[in-house]
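Participant: My questions concern the predicted model and sequence given below.
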Amino acid sequence: MHAILTSSVAPNFDPDKNNILAASRATSLLMIEAVDSKGHLMWDFATAFFISPNLLLTAGHAALDPDGAVRTERYLFLPGTPFLNWDQVSSRNPWAIRCTVVENLYRVGGSRSKDIALLSSGNFESQNYVSLSAERIPQGGTIDIIGYPGEKRITWLREKHQGLKSLEESGAAGEELLPTRRLVVTRGVVAHNSGYLTSYNLSTCPGLSGSCVSFDGKVYGTTPDSFRLDLVGVHIGDCFFPGQTPIELRSAISLHSDEVKKFLHKHGKVQVV
């Protein structure tokens, strides 16, 4: 189940409308712009969300420098922007915010339990940001992911959807479901929960890494200073789980993890309740 976010949500999401829209106003498209040794530009995209006026969370792998990069810069677009076309992104217009990596727990080939990074938006301060919760989500619980889908490349379609009769038709269907660089919410059900990973079944694609994961959030009040929405995870993408029949599930770094709570706590203003 999914919905495109503007000032409304689809009827199926209506009971959680306030929660979803509050989270969307704290969510930004993250652009990673890199230059290789030959001067060629490389771009990649993910999602990040504000947890204080100038601090954000994203997936650790999304905050790494791309392979071969000799210079990397990162930009956020204004939180809550409903849609950004390629011309706007490439020209960084509307206003793009340069951001920096405060700390990244993740290393290439390392544990997925550390796939989380903290970003700073510098002098830019967001009026909308979300609070964090260490609540453990029960199996069968319903979660929402709010973020910006990326492009559905042919290689991704082949790898993730084997047996497709038509890659072109499937790409068009995927674009209709999760349109590129458009702020969306996608909903799923928790299938597995460990101490550090929460895994679920839902529709996803590249670009949504770093999105916030909301479970039974509650919004209090109507002003930026008084609203509260509890976020319980950072979406990181696909994870495999062993067993008699290995399964692939979409997963998030759980804020229930002691390691993650320690990581966030040392940065002062960030608290997990």
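Facilitator: That came through, no problem.

Participant: Cys205 and Glu259: what is the separation?
Facilitator: Look at Cys205 and Glu259: by Cβ to Cβ, to the nearest Å, they are 28 Å apart. The C-beta positions use only the backbone N, C-alpha and C, and glycine is treated the same way.

Participant: can you tell me the average pLDDT over stretch 183-202?
Facilitator: What stretch 183-202 shows for mean pLDDT is 87.

Participant: please renumber so the chain begins at 306
Facilitator: From this message on, residue numbering opens at 306, which makes the last subject stretch 488-507.

Participant: Start and end of it, how far apart?
Facilitator: End-to-end span of stretch 488-507 (Cα to Cα, to the nearest Å): 16 Å.

Participant: ok, and what's touching stretch 367-377?
Facilitator: 335, 337-342, 347, 349, 351-353, 379, 406, 409, 411, 413, 422, 424, 514-515 (Cβ atoms under 8 Å, 6 or more residues apart in numbering).

Participant: Now, of the residues you listed, which are buried?
Facilitator: With burial judged by 16 or more other Cβ atoms under 10 Å, the buried subset of these is 335, 337-340, 349, 351-353, 379, 406, 409, 411, 422, 424, 514-515.

Participant: surely Ser333 meets Ala351?
Facilitator: No. Counting by Cβ atoms under 8 Å, Ala351 is not a contact partner of Ser333; they are 9.8 Å apart.

Participant: returning to that earlier point: tell me which of the buried ones among the contacts of stretch 367-377 fall in strands.
Facilitator: Using DSSP state E, the subset of the buried ones among the contacts of stretch 367-377 located in strands is 335, 337-340, 349, 351-353, 379, 406, 409, 422, 424.

Participant: gap between Ser329 and Asn323?
Facilitator: Distance from Ser329 to Asn323, by Cβ to Cβ: 11 Å.

Participant: Gln444 too?
Facilitator: On the measure of Cβ to Cβ, Gln444 and Asn323 end up 26 Å apart.

Participant: more crowded one of these two?
Facilitator: Asn323 (17 against 12; other Cβ atoms under 10 Å).

Participant: need the helices for this structure, in chain order.
Facilitator: 322-329, 391-396, 459-465, 472-482, 563-570 (DSSP state H).

Participant: and the closest residue in space to Ala367 that isn't next to it in sequence, what are its bridge partners?
Facilitator: Nearest non-adjacent residue to Ala367, counting by Cβ to Cβ, 6 or more residues apart in numbering: Ala351, 3.6 Å away. For Ala351, the beta-bridge partners are Leu335 (DSSP bridges).

Participant: Please name the residues that touch Ala351.
Facilitator: 335, 337, 363-364, 367, 455, 512-515.

Participant: Poorly predicted segments of this protein, please.
Facilitator: Counting by pLDDT under 70, the ranges of the chain that qualify are 306-318, 320, 457-479, 481, 521-535, 545-552, 573-578.

Participant: Go ahead and flag the most central residue of it.
Facilitator: By Cα atoms, centre = their mean, the chain has its centre lying nearest to Ser516, at 1.5 Å.

Participant: Please report the distance of the closest residue to Ser514 other than its chain neighbours from Pro387.
Facilitator: Once flanking residues are discounted, Ser514 sits nearest to Ala364: 4.2 Å by Cβ to Cβ, 6+ apart. Distance of Ala364 to Pro387, given as Cβ to Cβ: 22 Å.
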